[in-house]
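**Q** predicted model and sequence follow; I will ask about them next.
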Amino acid sequence: MTKKELDYLGWDYADVILISGDAYVDHPSFGIAVIGRILEKQGLRVAILPQPNWQDDLRDFKKLGKPRLFFGISAGNMDSMVNHYTANKRLRSDDAYTSGGKAGFRPDNATIVYSKIIKKLYPDTPVVIGGVEASMRRLSHYDFWEDRLRASILVESEADILVYGMGEKPIVEIAKAMHCENWREEIKKCRQIAFLSRNIEQYASNSILLHSYQDELKDKRKYGENFVVFEQESNKKEQKTLIQPYPAGYLVVLPSYPLPSQQEMDEWALFDVMMNTPHPKYAKRGDIPAFEMIKNSITIHRGCFGGCSFCTISAHQGKFIASRSQQSILKEIEDLVQRDYFKGHISDLGAPSANMYNLKGIDEKLCSNCNRNSCLFPKICQNLSLDHRKLTEIYQKALQIKGVKKITIGSGIRYEMLVGQKKEVDKANGLSAYLENIVKHHVSGRLKVAPEHTAERVTTMMRKPEFDKFLLFLEHFEHFNRKSGKKQQLIPYFMSAHPGCSKKEMAELSALAQKYRLFTDQVQEFTPTPMTFSTAIYFLGYDPYNNNRVFVARKLEERKEQHAYFFKNRKNLRK
């Protein structure tokens with residue numbers, strides 16, 4: 001990270017320099033750290049440039065020199081605009097990914113800013129952009145903060161290559177291609193990347209030509225049609241190449257790599273080659289809140305088949321679940337126990353949804369021909385395995401490891417899979433057994449789940465189950481609470497101002513929260529983030545799948561009025 005460290009290693013150059021909008025934390029939960037260690041495994045010299053100053057004479061961008069192969073750029077673990085602004089576009093006063101939690105250490109649109117600086121300083125050196133910000137802006141997209149349709153971030157950033165999704169596989173192939181003199185041609189053999197090309201003849205047989213960005217600007221219905229194609233293709237196991245015309249050339253988005261194998265997931269866990277701590281240079285600057293939150297947690301799988309309208313996870317990590325082996329997970333727990341900061345409490349064994357571990361299609365051939373946005377909505381797919389027994393077994397074995405005193409499940413669980421099943425299905429898949437085990441051993445006073453709303457009109461737009469399913473789960477939760485002799489609470493996440501939601505639906509939510517004495521502490525206003533279904537509706541004013549108009553709360557006053565319903569009748573909520 002510093003010139004002094006390069007000198008200590010005896011390096012007169014780096015092969016790759018990775019630039020990040022986050023402070024550097026050498027831990028598997030931080031994307032730049034993973035990419036750096038993956039490249040290191042390929043025998044490459046990797047230098048890290050975290051949170052460079054973009055407002056001075058740009059000395060930070062020069063201090064490590066010019067890499068032999070390429071610069072890799074990421075805004076960090078979050079989209080920089082989500083990181084900076086609230087749902088009401090107010091500037092945040094803190095940054096969880098910066099030492100001391102201080103704001104102001106990264107620019108707005110960080111990927112674009114960093115990339116343009118590098119292109120100005122080192123015009124002949126390839127620039128690869130990736131991470132959530134680049135991934136979810138890979139095609140034209142609506143930008144809530146500027147209230148306009150923007151071009152692909154690859155076009156705006158002037159970068160050479162964009163990596164979307166989880167980058168372990170593509171970054172290795174990119175590094176190999178960069179060793180070739182004709183790397184621009186070699187790179188086209190990779191997958192899960194995007195680039196600009198003047199010639200698209202070679203992609204004619206397995207591609208979809210989208211409406212051009214210029215046509216979208218003239219008629220936003222063209223954007224709606226493009227969005228439907230993008231979302232459906234991203235939900236397939238075998239995708240087609242997407243091509244979008246721009247004045248500078250054709251944006252070519254190649255299909256993603258196949259679902260990672262269990263062996264690959266184990267190899268990419270990387271806990272055994274990482275320091276699992278922030279860089280020492282931050283020691284005097286204060287804790288990094290994001291690290292403090294996850295340092296005692298372990299990720300056991302990736303992907304999400306929930307398909308929530310407002311969520312970016314399936315478009316970034318994938319709809320299909322890739323899981324680590326039980327052996328790898330338990331080995332990381334043993335490693336965690338030895339770390340100085342661990343005091344016996346594992347704060348999470350999870351992922352985007354904790355209880356999707358190892359779940360997949362019963363007949364995976366059917367999954368290959370499916371492009372459903374969700375395996376859970378509007379009804380749970382009959383081809384979806386619901387077997388929770390392996391996950392329960394991991395929890396039980398983890399508690400037996402010396403030094404582990406308690407395990408709580410901090411990431412959310414998809415409750416609709418656990419209730420309402422026939423008795424034989426429930427028993428065969430260990431569903432009630434899983435929930436009872438969670439209630440008895442893995443709740444730290446409160447269990448958080450996300451019904452998001454009570455009104456069916458809104459939950460349908462969200463692609464979430466009806467509120468009655470949450471109430472059924474509440475009954476089961478309280479039953480196991482009583483059986484375990486505990487007084488734990490269920491904390492529901494709710495959202496206001498989502499497309500389809502008006503003051504009428506918020507009044508219904510407030511009344512039902514009072515009726516069932518539910519806490520409404522975990523609440524948020526809908527924020528339109530790039531390339532989600534909800535954001536497309538917000539921008540268009542209608543559902544692009546059926547062209548039906550949808551009410552959207554756009555004015556700040558409307559959004560504030562909706563949010564205020566969460567805080568009515570608070571005295572009567574459960575204690």
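**A** Received the coordinates, thanks. Keep in mind the model is a prediction, meaning the values are calculated, not measured.
**Q** which ones are touching Leu210?
**A** Listed by C-beta atoms under 8 Å, 6 or more residues apart in numbering, the contact set of Leu210 reads Leu139, Asn226, Val229, Phe230, Leu242, Ile243, Gln244, Pro245. Heads up, the C-betas are built off the backbone N, CA and C, glycines and all.
**Q** what residue is smack in the middle of this protein?
**A** Most central in the chain under C-alpha atoms, centre = their mean is Ile313, positioned 4.2 Å from the mean C-alpha point.
**Q** where in this protein is pLDDT low?
**A** By pLDDT under 70, the weakly predicted segments of the chain are 569-575.
**Q** same thing but 90
**A** 3, 204-205, 369, 371, 411-412, 444-446, 448, 519-522, 567-575 (pLDDT under 90).
**Q** per-domain residue ranges of it.
**A** 3-201, 262-572 (automatic domain parsing).
**Q** could I get those as a markdown table with distance to Ile208?
**A** Listed next are the domains of the chain as a markdown table, based on distance: least, C-beta to C-beta, whole Å:
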| stretch | distance to Ile208 |
| --- | --- |
| domain 3-201 | 11 |
| domain 262-572 | 13 |
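**Q** quick check, the residue nearest to the centre of the chain in contact with His301.
**A** No - in terms of C-beta atoms under 8 Å, Ile313 does not count as a neighbour of His301; the distance is 11.9 Å.
**Q** convert stretch 62-72 to PDB, retaining C-alpha atoms only.
**A** What follows is stretch 62-72, C-alpha atoms only, in PDB (Å, rounded to 0.1, in the frame of the first residue of the first chain):
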ATOM      1  CA  LYS A  62       1.600   8.500  -8.800                       C
ATOM      2  CA  LYS A  63       3.300   7.200  -5.600                       C
ATOM      3  CA  LEU A  64       3.200   3.500  -6.600                       C
ATOM      4  CA  GLY A  65       4.200   4.100 -10.100                       C
ATOM      5  CA  LYS A  66       2.800   2.500 -13.300                       C
ATOM      6  CA  PRO A  67       1.800  -1.200 -13.100                       C
ATOM      7  CA  ARG A  68       3.200  -3.600 -15.600                       C
ATOM      8  CA  LEU A  69      -0.200  -5.000 -16.600                       C
ATOM      9  CA  PHE A  70      -3.200  -2.900 -15.600                       C
ATOM     10  CA  PHE A  71      -5.000  -0.800 -13.000                       C
ATOM     11  CA  GLY A  72      -8.100  -2.300 -11.300                       C
END
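**Q** identify each buried residue in it, please.
**A** Of the residues in stretch 62-72, Leu64, Pro67, Leu69, Phe70, Phe71, Gly72 count as buried by neighbour count, 16 or more other C-beta atoms under 10 Å.
**Q** could you do stretch 192-209 as well?
**A** Gln192, Ile193, Ala194, Phe195, Leu196, Ser197, Ile200, Tyr203, Ser207, Ile208.
**Q** are we agreed that the fourth one is in a strand?
**A** Read that as Phe195. Yes - assigned with DSSP: H, G, I helix; E, B strand; the rest coil, Phe195 falls within a strand.
**Q** Glu334 touches Ile401, doesn't it?
**A** Yes - taking contacts as C-beta under 8 Å, Glu334 lies within contact range of Ile401: 6.0 Å.
**Q** now the helices: where do they sit in the stretch 1-150 of the chain?
**A** 3-9, 31-41, 59-62, 80-84, 110-121, 131-135 (DSSP state H, counting those that start in this stretch).
**Q** return the most buried member of those helices.
**A** Highest mean neighbour count among these (mean count of other C-beta atoms under 10 Å): helix 131-135, with a mean of 27.
**Q** mind listing residues that contact it?
**A** By C-beta under 8 Å, 6+ apart, helix 131-135 touches 20, 31-32, 73-80, 110-111, 153-154, 157, 162-165, 167, 312, 315-316.
**Q** next one: stretch 377-387
**A** 305-307, 358-363, 366-367, 372, 375-376, 416-417, 421, 425, 428-431, 460, 463-465.
**Q** show me how far that stretch is from its chain's centre.
**A** 22 Å (C-alpha atoms, centre = their mean, to the nearest Å).
**Q** mind listing what's buried in that stretch?
**A** So for stretch 377-387, counting by 16+ other C-beta under 10 Å, buried means Phe377, Ile380, Cys381, Leu384, Leu386, Asp387.
**Q** just these: which are in helices?
**A** Assigned to helices by DSSP state H, none of the buried residues of stretch 377-387 qualify.
**Q** can you lay out these as a markdown table showing distance to Ala134?
**A** Formatted as a markdown table, these follow (distance: C-beta to C-beta, whole Å):
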| residue | distance to Ala134 |
| --- | --- |
| Phe377 | 28 |
| Ile380 | 33 |
| Cys381 | 31 |
| Leu384 | 31 |
| Leu386 | 35 |
| Asp387 | 36 |
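**Q** which one of those residues sits closest to Ala507?
**A** Phe377 (24.7 Å; C-beta to C-beta).
**Q** ok, the closest one to Pro465 distance?
**A** 7 Å (C-beta to C-beta, to the nearest Å).
**Q** which stretches of the stretch 201-350 of the chain form strands?
**A** Remark: strands assigned in the stretch 201-350 of the chain by DSSP state E, counting those that start in this stretch are 207-209, 241-246, 249-253, 277-278, 297-299, 301-302, 322-323, 345-346, 348-350.
**Q** for the ones you listed, give me a markdown table that also has distance to Ala14.
**A** Shown next, in a markdown table, are the strands of the stretch 201-350 of the chain (distance: least, C-beta to C-beta, whole Å):
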| stretch | distance to Ala14 |
| --- | --- |
| strand 207-209 | 36 |
| strand 241-246 | 32 |
| strand 249-253 | 29 |
| strand 277-278 | 21 |
| strand 297-299 | 28 |
| strand 301-302 | 29 |
| strand 322-323 | 30 |
| strand 345-346 | 36 |
| strand 348-350 | 34 |
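**Q** minimum distance to Ile537: which of those strands has it?
**A** So among those, strand 241-246 is nearest, using C-beta to C-beta, at 20.8 Å.
**Q** restricting to C-alpha, output the closest one in CSV.
**A** The C-alpha coordinates for strand 241-246 follow below in CSV (Å, rounded to 0.1, in the frame of the first residue of the first chain):
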residue,chain,number,x,y,z
THR,A,241,-24.3,-11.7,-25.1
LEU,A,242,-26.0,-8.3,-24.7
ILE,A,243,-25.1,-5.6,-27.1
GLN,A,244,-26.0,-1.9,-26.8
PRO,A,245,-25.1,0.7,-29.5
TYR,A,246,-23.4,3.9,-28.5
